[in-house]
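Novice: pasted the sequence and its predicted model underneath.
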There are 4 protein chains.
Amino acid sequence: MVESKKTASYTLVISCPDKVGIVAAVSRFVADRGGSLTESNHHTDVEQGWFFMRNVISASSLSVSLDDFRREFAPLAEDHGMHWVLRNNSELQRVVLLASHASHCLADILHRWKSGDLACQIPCVISNHENLRSMVEWHGIPFHYVPVPKEEKSGAFRQMSEIIERHRAETVVLARYMQIIPPQICEAYAGRLINIHHSFLPSFVGANPYLRAYERGVKLIGATCHYVTQDLDEGPIIEQDVIRVNHSCDKDDLVRLGRDVEQSVLSRGLRYHLEDRVIVRGNKTVVFTS
Amino acid sequence: MVESKKTASYTLVISCPDKVGIVAAVSRFVADRGGSLTESNHHTDVEQGWFFMRNVISASSLSVSLDDFRREFAPLAEDHGMHWVLRNNSELQRVVLLASHASHCLADILHRWKSGDLACQIPCVISNHENLRSMVEWHGIPFHYVPVPKEEKSGAFRQMSEIIERHRAETVVLARYMQIIPPQICEAYAGRLINIHHSFLPSFVGANPYLRAYERGVKLIGATCHYVTQDLDEGPIIEQDVIRVNHSCDKDDLVRLGRDVEQSVLSRGLRYHLEDRVIVRGNKTVVFTS
Amino acid sequence: MVESKKTASYTLVISCPDKVGIVAAVSRFVADRGGSLTESNHHTDVEQGWFFMRNVISASSLSVSLDDFRREFAPLAEDHGMHWVLRNNSELQRVVLLASHASHCLADILHRWKSGDLACQIPCVISNHENLRSMVEWHGIPFHYVPVPKEEKSGAFRQMSEIIERHRAETVVLARYMQIIPPQICEAYAGRLINIHHSFLPSFVGANPYLRAYERGVKLIGATCHYVTQDLDEGPIIEQDVIRVNHSCDKDDLVRLGRDVEQSVLSRGLRYHLEDRVIVRGNKTVVFTS
Amino acid sequence: MVESKKTASYTLVISCPDKVGIVAAVSRFVADRGGSLTESNHHTDVEQGWFFMRNVISASSLSVSLDDFRREFAPLAEDHGMHWVLRNNSELQRVVLLASHASHCLADILHRWKSGDLACQIPCVISNHENLRSMVEWHGIPFHYVPVPKEEKSGAFRQMSEIIERHRAETVVLARYMQIIPPQICEAYAGRLINIHHSFLPSFVGANPYLRAYERGVKLIGATCHYVTQDLDEGPIIEQDVIRVNHSCDKDDLVRLGRDVEQSVLSRGLRYHLEDRVIVRGNKTVVFTS
């Protein structure tokens, strides 16, 4: 993997009840330790009275260690009732990919990873089909074949869970993995389990969205990257996009054109997640894209 | 109104069961009468076995009158079981606009009409509010105020129907007219009654789409121009588009941003309709945009 | 004009050399006076070492008057070498519009203003043609006809300058005003003189961009909203957008399709400017769109 | 490679001086041989008096062989002064890919080819760098390393030409191949040599378009797929697209975001070319996208 050329940095992500002075308090805390902000975004949800913040701090500018920063920041965070994460961006997240038969989303993610465009580790790929093994292994990534029999799926999902845990996955991506994920996995990876749905949600929740889009005669088709919850296709949306279609497109054309949107929406959504740009609150997300 | 600079032309629109030789037969018929095609599109829905065609014929090139063309074409049309329309594009369609309180779609259509960008006649505007009267009348167009009382709407719709008929409307446009149209009007103007719905259908069918889009946390909002049928928001879609939104948009922002999409989608859809680019079949449309 | 429903607020815009602690200092200053931030963006141009910030402060939350805030903030600003503006958003900016013969951009801005969508005052419209007088006057806005004779333009521009000054314009918008603005006006209104160019700059700088786009066979046409400088079409870009075209579009079609992009790009650019979202530095802009 | 599921078909592409009756003559000819049209587009460039047509004919519907069709069509074609091509879509075109160091466009094309999404043969890849060898060879495609020394390039291009000819390439694609192609290769493959330029042409012709886009402060960056001619970046444009950027994007971000546009524009342009949807006339193209 190509080394990231960005300088070492930490990302501090905060959400808490809104109050006058939070930005000042956090900024003061960082500045007092010499911290230079290379990116900084905040947002207040006025209706909910909730505050969201993301700061990227240049590592070399900080006069304290990450551990000291963390220890010293804790009381401030407690005072404000913060949910907070402080990540060392040099420690790449471990992302396990789940795939079925379709290759496009997986190939796209693997290429971005391989060319250094997507900063993460990929300890393994799990699939219920064998057809993508060679592609995955060519990238130097272990491939686990876990078939999911129609009649008895729980064993497969148990095996899958074990593999995911063994590889200490921090994030799990369903790269067109066409199985419904059991509740216990949804819960265990809440906010870290990312799916790409092949429609512009909430249009065409559930199976066969392209067929239903074709039958409805829509003039745009889309894709939705979202966190998986126990309610099928109802989780918090991270990213969406659409592409124009017309009467000359048959069902196969929609599937083909849709693939491009699926993979670009998934890779953008995954990038936002990995860069800690996404903060979930309730069933909605704040996404600091820039 | 500014005169259209386009040369005089006829538009011939056909749909019928598909069969080898239709294009040849129609093209031969036109060519035999000297007809020069300035635009021509056809499409075959292979699955349904149905054929769609639109030809624009330069009027000056034709060696026969429009009436003769029509009379001579009839047997050919009958042979192929064609639905067909032959329009003299110099005779502008009569379009009645229905509006409520919101001005943006109405103002956009009126400006396009006034500046010669939208080729039609607008015999009148009907509204259940008085606030847009002055704007309409400044354009030199009669304004009819037809209030729609909550408790008893049938009288209002009867009055509206009479006005529409008296003005011999060929097309009726709901330019953010917020009332549900009664079945008899939907039927009387089937395929000629155009609505703009303020969501990317089939997402958020029904009332308050922006509020529901806000609550669902979608990352794009849209608008849909469609023919009205008795099934609310379920009619054949003519045109759709979307615009990107994010967490910083509150409900008012969605409404504001949505207005721009609504008016551009409605004006595109209306233009396609007026130029006979739209052919309805079942609950879907063929739209020959170029 | 419809009253804005947004609560009273102040916008503080800052740009200065970057230094650790600026965000903390400004945020502290605001928080110490009770100021609640409803929007806040900052950006550091690492390469140039320059810092940009925009804060919207709820007026009712502030414990000091605007004048006191201004007086107390001055020393802090001076310490950091800040360029800064503090605007009371209840005092609407005075915007003078310049137009020629084409109506679409002017009609769009006037409608947005009239419907309360664009928060500004429009003390007058100046045009070198008479044809838009009635439309402007219907909106209740004075219309000044200042013809610009080909052979001797300086008198016209002197007259135009006087009208602009007499109306105490803070911003001047060229809404498809097709004359080249003389240097002294460019200078007098530097950073406050906004143009819409009918191409995706830097493609097709200068005259007849649609004709040249047609001849080059591009597949997208665009529009660019930018601040006017003495170098024709070279000023800082505020906003751009494009629309898809194809071989079936003749020159007139490009002009027609382009109008929609022009007016939406201009109205977005003008909104960003009026909301103090645009900060110019050198020949580039920072635009805090959300 | 996955087999295409589309039924066997022939594509007939025609361009010639416009005349009344051409559509009728061609359609009659096809219909008389039982030919069922699954796609059909035509376009008249009124200004140039030139006619363009593309028909896809279901092979099984034809009562004559392809050779007979060709022989019988020749006199008709001659009568009308047609340039014409009749392609058997079962015979996949031979496409040689040229790449340098960057992998994204190449990886995208190879994946589309491998998954059966792009119907062509790829007899080899030629590169002036070794780094993509393994990726290419994993796809089962021969990789030729042809270094291009700065001081003496003619030998390299001679060698490249020989490889291209030996593999009987019908189309050559510059998949971010960063060398200027010598005139004799441009001529030999006129209309069959496809490049992806990393800007929205005619903006930023030549070297370093992202750097120049960054310096100019544009709000959208783009990519252009075009046929290569001897005039650098001036050849007929097949396809273009853009993506939104803002002040927070540094030069590296533009390069990264641009990659996605480059690969999607190139793959769309290449698809149009392979499906004979593109007809060049002068320095412009007709592209029948649907």
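Specialist: Ah, there it is. None of the values given here were measured: they were computed from a predicted structure.

Novice: can you pull out the helices in chain A?
Specialist: A:22-32, A:66-80, A:104-114, A:133-138, A:154-166, A:183-188, A:209-216, A:251-274 (DSSP state H).

Novice: which of these sits most buried?
Specialist: helix A:104-114 (a mean of 23; mean count of other CB atoms under 10 Å in any protein chain shown). All C-beta atoms are positioned from the backbone trio N, CA, C, and that covers glycine.

Novice: so that one, near chain D or not?
Specialist: Yes. Using CB under 8 Å from any CB of the partner chain, we find that helix A:104-114 touches chain D at A:104, A:107-108, A:111, A:114.

Novice: thinking residue A:148 is in contact with residue A:178, fair?
Specialist: No. Applying CB atoms under 8 Å, one finds residue A:148 not in contact with residue A:178, separated by 9.4 Å.

Novice: okay, those two: which has more neighbours?
Specialist: residue A:148 (19 against 15; other CB atoms under 10 Å in any protein chain shown).

Novice: may I have the phi/psi pair for that one?
Specialist: Geometry field for residue A:148 lists phi and psi as phi -120, psi 90, criterion degrees, to the nearest 10.

Novice: ok, it - contacts?
Specialist: A:128, A:156-157, A:179 (CB atoms under 8 Å, 6 or more residues apart in numbering or on different chains).

Novice: could you redo the last one with a cut-off of 10 Å?
Specialist: Residue A:148 is in contact with A:100, A:127-129, A:154-157, A:159-160, A:177-179, counting by CB atoms under 10 Å, 6 or more residues apart in numbering or on different chains.

Novice: pull the most distant pair out of these.
Specialist: A:129 and A:154 (19.3 Å; CB to CB).

Novice: quick one: the helix or strand of chain A with the lowest mean pLDDT to strand C:37-45, angle?
Specialist: Ranking every helix and strand in chain A by mean pLDDT, DSSP states H and E puts strand A:37-45 at the bottom, with a mean of 92. With axes from the mean of the first three to the mean of the last three CA atoms, to 10 degrees defining the directions, strand A:37-45 sits at 160 degrees from strand C:37-45.

Novice: what parts of chain A come near chain C?
Specialist: A:7, A:18-44, A:46, A:51, A:53, A:55, A:58, A:61, A:244, A:288-290 (CB under 10 Å from any CB of the partner chain).

Novice: which of these are buried, as a ChimeraX select command?
Specialist: Typed into ChimeraX, the line below selects the buried ones among the residues of chain A next to chain C, using 16 or more other CB atoms under 10 Å in any protein chain shown:
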select /A:18,20,21,22,23,24,25,26,27,28,29,30,31,33,35,36,37,38,39,40,41,42,43,44,51,53,55,58,61,288,289,290
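
Novice: related to what we said a few turns ago, okay if I get the helices of chain A as TSV plus mean pLDDT and distance to residue D:201?
Specialist: Shown next, in TSV, are those (pLDDT from 0 to 100; distance: least, CB to CB, whole Å):
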stretch	mean pLDDT	distance to residue D:201
helix A:22-32	96	44
helix A:66-80	97	47
helix A:104-114	98	26
helix A:133-138	98	34
helix A:154-166	97	47
helix A:183-188	95	48
helix A:209-216	96	34
helix A:251-274	97	22
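
Novice: what's the closest of those helices to chain B?
Specialist: helix A:209-216 (5.9 Å; CB to the nearest CB).

Novice: is that closest one positioned near chain D?
Specialist: No. Under the criterion of CB under 10 Å from any CB, chain D is not reached by helix A:209-216; the shortest gap measures 14.9 Å.

Novice: for the nearest residue to residue A:147 once chain neighbours are set aside, give me the pLDDT.
Specialist: Ranked by CB to CB, 6 or more residues apart in numbering or on different chains and with sequence neighbours excluded, the top spatial neighbour of residue A:147 is residue A:128, at 5.4 Å. Per-residue pLDDT puts residue A:128 at 97.

Novice: gap between residue A:128 and residue B:276?
Specialist: Distance, residue A:128 to residue B:276, by CB to CB, to the nearest Å: 50 Å.

Novice: same check on residue A:140?
Specialist: Residue A:140 is 59 Å from residue B:276, by CB to CB.

Novice: between these two, which has more neighbouring residues?
Specialist: residue B:276 (18 against 10).

Novice: export only the CA atoms of stretch A:127-146, formatted as CSV.
Specialist: Extracted as CSV, the C-alpha positions of stretch A:127-146 are listed here (Å, rounded to 0.1, in the frame of the first residue of the first chain):
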residue,chain,number,x,y,z
SER,A,127,-18.4,-13.9,0.9
ASN,A,128,-21.1,-16.5,0.5
HIS,A,129,-19.8,-17.2,-3.0
GLU,A,130,-16.4,-18.3,-4.2
ASN,A,131,-16.3,-16.3,-7.5
LEU,A,132,-14.4,-13.3,-6.1
ARG,A,133,-11.7,-15.2,-4.2
SER,A,134,-9.0,-14.8,-6.9
MET,A,135,-9.6,-11.1,-7.1
VAL,A,136,-9.4,-10.7,-3.4
GLU,A,137,-6.3,-12.9,-3.0
TRP,A,138,-4.5,-11.1,-5.8
HIS,A,139,-4.7,-8.0,-3.5
GLY,A,140,-3.0,-10.0,-0.8
ILE,A,141,-6.1,-10.1,1.4
PRO,A,142,-7.4,-13.3,3.0
PHE,A,143,-10.8,-14.5,1.6
HIS,A,144,-13.3,-16.5,3.7
TYR,A,145,-16.0,-18.4,2.0
VAL,A,146,-19.0,-18.7,4.3
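
Novice: right, and residue A:107 touches residue D:110 too?
Specialist: Yes. If you go by CB atoms under 10 Å, residue A:107 and residue D:110 touch, sitting 9.3 Å apart.

Novice: who in the stretch 101-250 of chain A is up against chain B?
Specialist: Checking the stretch 101-250 of chain A against chain B by CB under 10 Å from any CB, the hits are A:199-205, A:212-220, A:222, A:224-226, A:234-242, A:244, A:246-248, A:250.

Novice: show the model's pLDDT score for residue A:231.
Specialist: 89.

Novice: dump the residue contacts of it.
Specialist: A:186, A:205, A:283.

Novice: nearest to chain C, of those residues?
Specialist: Closest to chain C out of the contacts of residue A:231 is residue A:283 (20.8 Å), distances taken as CB to the nearest CB.

Novice: how many other residues sit next to the residue lying closest to that closest one once chain neighbours are set aside?
Specialist: The shortest distance from residue A:283 to any non-neighbouring residue, by CB to CB, 6+ apart, is to residue A:236 (5.3 Å). Look at residue A:236: counted by other CB under 10 Å, it has 21 neighbours.

Novice: how is chain A divided into domains?
Specialist: A:9-88, A:95-287 (automatic domain parsing).

Novice: which one of the ones you listed lies nearest to residue D:68?
Specialist: Among the domains of chain A, domain A:95-287 comes nearest to residue D:68, with 29.7 Å by CB to CB.

Novice: compute the first-to-last residue distance for the closest one.
Specialist: End-to-end distance of domain A:95-287 (CA to CA, to the nearest Å): 20 Å.

Novice: ok, the residue in the stretch 101-250 of chain A positioned nearest to chain B - contacts?
Specialist: Nearest residue of the stretch 101-250 of chain A to chain B: residue A:217, at 3.5 Å (CB to the nearest CB). Contacts for residue A:217 (CB under 10 Å, 6+ apart) come out as A:245-247, B:201, B:226, B:235-238, B:280-287.

Novice: can you turn the buried part of these into a ChimeraX selection?
Specialist: Buried members of the contacts of residue A:217, defined by 16+ other CB under 10 Å, are picked up in ChimeraX with:
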select /A:245,246,247 /B:201,226,235,236,237,238,280,281,283,284,285,286,287
